[in-house]
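model this:
(chains A and B)
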There are 2 protein chains.
Amino acid sequence: MTRPTLPGWTHAPSATIGQVGEHALIRWIAERIGSPASPDVLLGIGDDAAVVRPRRNHVDVLTTDVLVDGVHFRRDFSSAADIGHRALHVNLSDVAAMGAEPRVALLSLGLPASLEAVWVAELVDALATAAAAARVDLVGGNISRSPTLFVDVTVSGAVKPRHLLRRSGARPGDELYVSGAVGAAAAGLAWLQTHDTSDLAIPDAMAQGVARYRRPEARVALGLQIGRNKAASACMDTSDGLADALRQLAAASGVGVRIDRHMLPIAGAVADAAALAGLNRDALVWSGGEDYELLFAVPRRARRRFAHASGRTGLPPVTRVGVCTKDSALLVVDEDGTESALPGGFEHFSGSDASDVATTPVLSGEPA
Amino acid sequence: MTRPTLPGWTHAPSATIGQVGEHALIRWIAERIGSPASPDVLLGIGDDAAVVRPRRNHVDVLTTDVLVDGVHFRRDFSSAADIGHRALHVNLSDVAAMGAEPRVALLSLGLPASLEAVWVAELVDALATAAAAARVDLVGGNISRSPTLFVDVTVSGAVKPRHLLRRSGARPGDELYVSGAVGAAAAGLAWLQTHDTSDLAIPDAMAQGVARYRRPEARVALGLQIGRNKAASACMDTSDGLADALRQLAAASGVGVRIDRHMLPIAGAVADAAALAGLNRDALVWSGGEDYELLFAVPRRARRRFAHASGRTGLPPVTRVGVCTKDSALLVVDEDGTESALPGGFEHFSGSDASDVATTPVLSGEPA
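Below you'll find the model as predicted:
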């Protein structure tokens, strides 16, 4: 793989973080980032803290999520640029799930001294590119030595209080929708985990899943539209899998759910991964996670607004997958009417947003 | 050491993080934290992101800093509670250096599965205690598995724009002040590094330094007073040592400095550590770091306001250590008038706030 050209990067390709040093790396990052794009950023990188003017009549939305080497990513599955993009988007997804607009990000890097410095520069470059595309200013952070590589990002966003999307507002009768397709990223990850990628091209059938795993795209525009149009009573992202999201939204709202199995927008890569890697299709769909789609509850009175908001050009498709119920049971209904319990989430002991690339139960297909 | 009693902690003392699991740990944290104290926290722990109402006529101040096991702390030097306290205060110090009031914190924990879960609970308990004491609400974060233990905290604070303290406002003639005493924490750390603490009581002479290293107290009240009274033209914290702080404040402001060596408020522990452990006294004073004191530049016109603001009850002492100069040289002046160059900072490749407990140049006394 040829290295992309990094503007202003003058260190030898083989130079390590220990050789380049923290100060030179921070200087390069500060130059790469340049001046903040938003006039609301009064102080960016370079002082004790960043200073940001709040948006008028909005509230701040704050989230932090970390990617840890060997836990949330593997350097042989993802490029430095993939990981930088991903580190931002897992946070943007949380902001999107609140109906908020992301504004600024902080980056906390833990770096082994032996790591190639240009690898880190590529990660930061991609994170900066993703931030610029999302109109987010990288305003600060810190760099630390660490035996384990980690990338911890904090994002602050803004939303008008009346447009805020919580998890807890769903009521019996509200219809449940999910954006995009489920299982693609998990299928892509599963394929990477079961194949030697060093000498094997990714088959066309898996390309979508692998790309979705490597570069998730947070549904920021969709979350904003849904929030601004008051089109949903509850929302959260599916970072820990669809089953987990349904369980959490139902618990927070005090409702049950009935999900129509045949309505689920299952990514094509799921069937391919199941065939190519002998994986449990249901586990990929329900517990795979990594998709960063949005799960919404839409009240009857808001259906027209929802159709209007979610039908705008450039937004991902949304699919009705079921309904919230007064009864607290969490059910999946087959086309023939057979009911079964919603598959369990799994206790993976990782962040709230990430499955474990080394030991994720997806691979064994075990529910927990 | 007897374990403190943790309210609501029902797991066996020997249970590991892997055994207790992420969900149970998060549930315990959410119960330990309880409802947010501030009515401005609209959503705390439990949704995709936290939601905080900005303070009217204030701007947001954002900072993040991480403590990594073996880099910023050692578990045989500090208790879990020490590390929890410290993880918050290194961030509070950055907020204090802006003249801002800290409001909310996010906590990102990276935890080895083999770690004792009660150790983590003690860390979180102490962080929560420190947060409550500082009127800071812990509003969210995440927990992830990680081969290396790390504690990454983000703090958001608020300040009126006209009370903001930057690094860049110092002008020639402004007098330089430092709070508290320098070198105490570095001396305490150096003593811990050179003694077997398992079978040796800490001598009285070192107790202050060790305590200061283990539990730094960010100078929040002082920073607020200085900011509100417009008593300083520039400010930063001394987390990377006094020499580094002087160098950075001077560079950001475009001034030089003349520091009176005999005026430096050197902690008593420094001389003791030098004697007890055969350490380089100057290295502890100039490059030790860990003190989290504030360095201020006070313009002539603000002297009275500064004396008023810094003289309030309950604030740490402040000491005039030198003056900003038009000439860009960074000089230290002895009592007999001999000038020498400000000792160099060291490139320790760690965060902007922390020296390396394993290899810090303090131990060898090497300038870089």
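
give me phi/psi at A:Ala158?
When read as degrees, to the nearest 10, the backbone of A:Ala158 gives phi -140, psi 140.

er, A:Asp69 actually
phi -60, psi 130.

buried residues in the helix or strand containing A:Asp82?
For A:Asp82, the element it lies in under DSSP states H and E is helix A:80-96. For helix A:80-96, the neighbour count (16 or more other CB atoms under 10 Å in any protein chain shown) marks A:80-96 as buried. Every C-beta, even on glycine, is put in place using the N, C-alpha and C of the backbone.

Quick check: closest non-adjacent residue to A:Leu88.
Excluding its sequence neighbours, the residue lying closest to A:Leu88 (CB to CB, 6 or more residues apart in numbering or on different chains) is A:Ala130, at 4.6 Å.

Around the one you found, how many other residues sit close by?
The local packing of A:Ala130 (other CB atoms under 10 Å in any protein chain shown) involves 23 other residues.

So which bits of the host helix or strand of it are buried?
Using DSSP H and E, A:Ala130 falls within helix A:117-133. Applying a neighbour-count criterion of 16+ other CB under 10 Å, one finds A:117-128, A:130-131 buried in helix A:117-133.

same question, stretch A:288-301
Taking 16+ other CB under 10 Å as the neighbour-count basis, stretch A:288-301 is seen to contain the buried residues A:288-299.

could I get these as JSON lines with pLDDT, distance to A:Ile45 and secondary structure?
Listed next are the buried residues of stretch A:288-301 as JSON lines, based on pLDDT from 0 to 100; distance: CB to CB, whole Å; DSSP: H, G, I helix; E, B strand; the rest coil:
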{"residue": "A:Gly288", "pLDDT": "83", "distance to A:Ile45": "36", "secondary structure": "coil"}
{"residue": "A:Gly289", "pLDDT": "82", "distance to A:Ile45": "32", "secondary structure": "coil"}
{"residue": "A:Glu290", "pLDDT": "86", "distance to A:Ile45": "30", "secondary structure": "coil"}
{"residue": "A:Asp291", "pLDDT": "89", "distance to A:Ile45": "32", "secondary structure": "coil"}
{"residue": "A:Tyr292", "pLDDT": "94", "distance to A:Ile45": "27", "secondary structure": "coil"}
{"residue": "A:Glu293", "pLDDT": "96", "distance to A:Ile45": "32", "secondary structure": "coil"}
{"residue": "A:Leu294", "pLDDT": "97", "distance to A:Ile45": "31", "secondary structure": "strand"}
{"residue": "A:Leu295", "pLDDT": "98", "distance to A:Ile45": "35", "secondary structure": "strand"}
{"residue": "A:Phe296", "pLDDT": "97", "distance to A:Ile45": "36", "secondary structure": "strand"}
{"residue": "A:Ala297", "pLDDT": "98", "distance to A:Ile45": "40", "secondary structure": "strand"}
{"residue": "A:Val298", "pLDDT": "98", "distance to A:Ile45": "41", "secondary structure": "strand"}
{"residue": "A:Pro299", "pLDDT": "98", "distance to A:Ile45": "43", "secondary structure": "coil"}
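
and which of those residues is nearest chain B?
Distance to chain B across those (CB to the nearest CB) is lowest for A:Leu294, with 9.7 Å.

Tell me how far A:Ala275 lies from chain B.
As defined by CB to the nearest CB, to the nearest Å, A:Ala275 lies at a distance of 31 Å from chain B.

who's in contact with that residue?
By CB atoms under 8 Å, 6 or more residues apart in numbering or on different chains, no residues touch A:Ala275.

Distance check, it against A:Ala211.
19 Å (CB to CB, to the nearest Å).

next one: A:Asp240
In terms of CB to CB, A:Asp240 sits 21 Å off from A:Ala211.

rewinding a little: what's the next secondary structure element after the helix holding A:Asp82?
strand A:101-111.

relative to helix A:117-133, how tilted is that next one?
Interaxial angle, strand A:101-111 versus helix A:117-133 (axes from the mean of the first three to the mean of the last three CA atoms, to 10 degrees): 170 degrees.

Could you find the closest non-adjacent residue to A:His308?
Nearest to A:His308 is A:Asn229, by CB to CB, 6+ apart, at 6.6 Å.

meant to ask about A:Glu217, not that
A:Glu217 sits nearest to A:His89 (CB to CB, 6+ apart), 6.4 Å away.

one step back: going by distance to A:Leu42, which of the buried residues of stretch A:288-301 wins?
A:Tyr292 (30.9 Å; CB to CB).

Could you check the pLDDT of A:Ser14?
The per-residue pLDDT reported for A:Ser14 equals 93.

Likewise for A:Val357?
39.

Equivalent analysis for A:Ser287, please.
Among the per-residue scores, A:Ser287 holds a pLDDT of 88.

Might one say that the residue nearest to A:Leu88 is in contact with A:Asp82?
No. If you go by CB atoms under 8 Å, A:Ala130 and A:Asp82 don't touch, sitting 10.5 Å apart.

A:Ala302: what secondary structure?
Following DSSP: H, G, I helix; E, B strand; the rest coil, the label given to A:Ala302 is helix.

Same check on A:Ile45?
Once three-state DSSP is applied, A:Ile45 turns out coil.

where exactly do the helices run in the stretch 101-250 of chain A?
A:117-133, A:184-194, A:204-214, A:220-228, A:242-253 (DSSP state H, counting those that start in this stretch).

Switch those over to JSON lines; also include mean pLDDT.
Shown next, in JSON lines, are the helices of the stretch 101-250 of chain A (pLDDT from 0 to 100):
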{"stretch": "helix A:117-133", "mean pLDDT": "97"}
{"stretch": "helix A:184-194", "mean pLDDT": "89"}
{"stretch": "helix A:204-214", "mean pLDDT": "89"}
{"stretch": "helix A:220-228", "mean pLDDT": "97"}
{"stretch": "helix A:242-253", "mean pLDDT": "96"}
